[in-house]
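>>> here are the coordinates; sequence isn't available:
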């Protein structure tokens, strides 16, 4: 019996793969919520569009998994404990009753949970997080039923920024606040200032360096909320807590499984935890950093899908290896595309490299095109080995899909010289003769030689 | 004394690099035409825009090279002979007078010339090729001064297709004709049919399998032209001969230099020809194919720029290596982006591989975006080694910059498995969770295992 805890990207990828390869194998999928397999990453875009239904983000309904794929998928089943000795998982059903199940193999794919600060007021009406589809439905219902003139967003990560765009699109004023002094701390300053300027141009109010003390109801306006920081107050009719996520790894930790960075569940390259009968995949599990080789925790959708699939293959007896991740990611914030892959300067230093970066400003198209947009491209390299360690890009066009060239270079362990030698595409409507990322490589070579 | 023959991408890249590194070195650049350093690739887009000036495509004027960079640039100087024994180049100036110059080192960067078939009528008014800026000016002047209702384009390569779009934009009906039966013979049929359907949707008439016999003036309409094939006749007020280019390598061949594929000038990885005092770079020179390791000839702008620069470095005593090219290219035809890198199926077979391809249809964005466009992505792999040999993509969005990931994979010599393991970017506005090119890699792995 294979038990899978979690019915989202990693869990359902594993379940589908396992069932396809082993139709007669015993398998049960336990999902805490009533929703499985939805595009969580699309929620901000859905919220930005008042006319669309949140449920349109469902990729495959639970019934389809049950009826078409024959998967024993039990929604409303929250696992609260793992008995590794007896190989039993136990928990609570949606209706309050208890359940317990025996397993031979267990896959933990519990994902993440939203960070909610321990301050008063996070449970007030109008205060939201955005993690589950149910969170998304609640926000959408709230927007449909209330007059929201301003929203205070706590946090400035990519969900926070995507939500800023989505809510602004619905005519809501955006006030963002966070504790740390920098907007996007992983970004080189030349590029994060581009994002900052763009947000301000779009009328977004940015307040950094604020310890958030309390969320309270405003005495001035009915339905008003006030977010109090140590030296600033921000008001609105809605508050979104978007301070990031942490691994949903409590049951794994309680069961004594080895944990990895950020409290994630540590797995080897074959998705196995420290218990030979227990596997983990998806946003709750750690991975190898393809650049440093060290354990890392970066929850991303492709990693989850891939990890679930690899876990299923290994549970079936393969030796499928997940070599590692570059943490390649991209997000859109208003008219900007922001992308990264590999290590930031700080991460590179922490991993023992001697990093230096080269940042260039180029164009999204040939100079002969009047509508060519500025593209900022940076590469981070290691002075000791000449290797590329990471890449960062910002621009209004031609950034999102351009980062992948650098991601492949990281996977191949290329030096800046080797990457500079790559034959990338050129045509006037799409690129200058030297692709911006190649120009960055050329500059990086010079900096590495110094 | 360094003599450089040719003042476009490769020649001027070499000249600028040489002068910057060796300001006191003796160097003369000889350019046949009066134009240097312009964006030839942008000419179709410029022609499509009646209001723009063709001369806006000039990147740097001859005077700038002379005055700002101190380069002895002699325009209107056509080299007609090389005496390798005496190390002398000789030729004719624009005014008809002769010149001869001694060299210690010679760089041949003569580029290409348009293929013009040996048939009657190619010299008629209204019949054009598009190779030089002067060709572009002539076409633009003709369009400004005549009423062109229809244009017959002979050839269906990327210049032909870019010009089809440009002329259609100016309200001209397009009739295209070629000898071979296939529109784009290097493309897998699943993708070339997408291009064909799109052209027909845009009202372009396509006639293949025609041996072109003659171009003649039409007796029916003044200013009318008729292109006669073996079984079809196409009429219009303008004819564009866009049958591709050949290396401008006559002087090199006459001087007994070793020639490479397609009559190009053979160079080693250090841009040296078979004569140790003579170098070549740019569209006239051959290169190593990064996939097969064999000599190849693919004239592309990035290769020319890179080759010129590397030649200059080696002339100055470095050992800078040009490892090879993947032939990565992209073009736009109406609303489609078409891209390729590496070998086609036919090229792969000819190079001794055992190729197989996997073609998938995916989307440019997450399925939750109603405006996501279809993306066709194909990867070609070698059954013997599992290596990726090439990639091809077509779609209305997200193709051009996406091909670069595959280009880097080719440079790194990755197998399909290794490429499939790459951590590419995902965000709903830009990609499905599995990037189309990764999906193609997944399918290719299955095909390679058969």
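Yep, that arrived. Given the structure is predicted, the values throughout are model-derived calculations rather than measurements.
>>> domains of chain A?
A:2-113+A:245-315, A:127-241, A:337-449 (automatic domain parsing).
>>> out of the ones you listed, which is the most enclosed?
domain A:337-449 (a mean of 23; mean count of other Cβ atoms under 10 Å in any protein chain shown). All C-beta spots, glycine's among them, are computed from the backbone N, C-alpha and C.
>>> for that one, the averaged confidence score.
Taken as a whole, domain A:337-449 has an average pLDDT of 96.
>>> over to stretch A:23-31?
The pLDDT scores in stretch A:23-31 average 97.
>>> just the endpoints, please. Distance across it?
End-to-end span of stretch A:23-31 (Cα to Cα, to the nearest Å): 21 Å.
>>> next, work out how far apart the residue in the stretch 1-150 of chain A that chain B sits nearest to and residue B:432 are.
Proximity of the stretch 1-150 of chain A to chain B (Cβ to the nearest Cβ) peaks at residue A:42, 4.1 Å away. Going from residue A:42 to residue B:432 by Cβ to Cβ, to the nearest Å gives 11 Å.
>>> which neighbours do the two share?
Taking Cβ atoms under 8 Å, 6 or more residues apart in numbering or on different chains as the contact rule, residue A:42 and residue B:432 both touch residue B:366.
>>> before we move on, back to that, I'd assumed residue B:426 was in contact with the residue of the stretch 1-150 of chain A closest to chain B.
No: assessed by Cβ atoms under 8 Å, residue A:42 is found out of contact with residue B:426, at 11.0 Å.
>>> coming back round to it: just send the domains of chain A back as a markdown table, with distance to residue B:131 too.
Compiled in a markdown table, these are given as follows (distance: least, Cβ to Cβ, whole Å):
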| stretch | distance to residue B:131 |
| --- | --- |
| domain A:2-113+A:245-315 | 44 |
| domain A:127-241 | 40 |
| domain A:337-449 | 16 |
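>>> per-residue confidence for the residue lying closest to residue A:3 once chain neighbours are set aside?
Nearest residue to residue A:3, sequence neighbours excluded (Cβ to Cβ, 6 or more residues apart in numbering or on different chains): residue A:103, at 4.0 Å. If you check residue A:103, the pLDDT there is 98.
>>> wait, residue A:103 touches residue A:275, no?
No: using Cβ under 8 Å, residue A:103 is not in contact with residue A:275, being 11.1 Å away.
>>> quick one: contacts of the lowest-mean-pLDDT helix or strand in chain A?
Using mean pLDDT, DSSP states H and E, the weakest-scoring helix or strand in chain A turns out to be helix A:62-67, at a mean of 94. For helix A:62-67, contacts defined as Cβ under 8 Å, 6+ apart pick out A:7, A:12, A:15-16, A:29, A:31, A:34-37, A:71-73, A:75.
>>> out of those residues, what pair is the most spread apart?
A:16 and A:34 (19.2 Å; Cβ to Cβ).
>>> where does residue A:427 fall, helix, sheet strand or coil?
coil (DSSP: H, G, I helix; E, B strand; the rest coil).
>>> so who does it touch?
Applying Cβ under 8 Å, 6+ apart, we find residue A:427 in contact with B:41, B:329, B:330, B:331, B:332, B:400.
>>> how many residues are close by the fifth one?
This means residue B:332. Per other Cβ atoms under 10 Å in any protein chain shown, the neighbour tally for residue B:332 reads 21.
>>> same deal with the fourth one?
In terms of burial, residue B:331 registers 23 neighbours under the definition other Cβ under 10 Å.
>>> can you show me the helices along the stretch 301-450 of chain A?
Remark: helices assigned in the stretch 301-450 of chain A by DSSP state H, counting those that start in this stretch are A:301-315, A:345-350, A:403-411, A:416-420, A:436-449.
>>> would you list the ones you listed in CSV and tack on distance to residue A:93?
Listed next are those as CSV, based on distance: least, Cβ to Cβ, whole Å:
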stretch, distance to residue A:93
helix A:301-315, 24
helix A:345-350, 42
helix A:403-411, 42
helix A:416-420, 53
helix A:436-449, 51
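>>> among the ones you listed, which is nearest residue B:202?
Nearest to residue B:202, of those and by Cβ to Cβ, is helix A:403-411 at 29.8 Å.
>>> now do that closest one: everything it contacts.
Residues outside helix A:403-411 that contact it (Cβ under 8 Å, 6+ apart) are A:290-291, A:326, A:328, A:330, A:339-342, A:379, A:388-391, A:393, A:418-419, A:422, A:424, A:435, A:437, B:402, B:404-405, B:407-409, B:412, B:414, B:418-419, B:421-425, B:435, B:437.
>>> report the central residue of chain A.
Computing the C-alpha centroid of chain A and ranking residues by Cα atoms, centre = their mean puts residue A:300 first, at 4.4 Å.
>>> residue A:316 against residue A:20, yeah?
No: Residue A:316 is not in contact with residue A:20 according to Cβ under 8 Å; the separation is 10.4 Å.
>>> if I read this right, residue A:28 contacts residue A:74, doesn't it?
Yes: Residue A:28 sits in contact with residue A:74 when judged by Cβ under 8 Å, with a separation of 6.4 Å.
>>> from the contacts of residue A:427, which are also near chain A?
For chain A, the contacts drawn from the contacts of residue A:427 by Cβ under 8 Å from any Cβ of the partner chain are B:41, B:329, B:330, B:331, B:332, B:400.
>>> just give the number of residues close to the closest residue to residue A:129 other than its chain neighbours.
Closest residue to residue A:129 apart from its sequence neighbours, by Cβ to Cβ, 6+ apart: residue A:114 at 3.9 Å. Residues lying near residue A:114 (other Cβ under 10 Å) number 18.
>>> identify the bridge partners of residue A:114.
Applying DSSP bridges to residue A:114 gives these bridge partners: residue A:245.
>>> just list the residues touching the closest residue to residue A:7 other than its chain neighbours, thanks.
Sequence neighbours aside, residue A:31 is the residue nearest to residue A:7 in space, at 3.2 Å (criterion: Cβ to Cβ, 6+ apart). Residues in contact with residue A:31 (Cβ under 8 Å, 6+ apart) are A:6, A:7, A:8, A:11, A:62, A:73, A:74, A:75, A:76, A:77.
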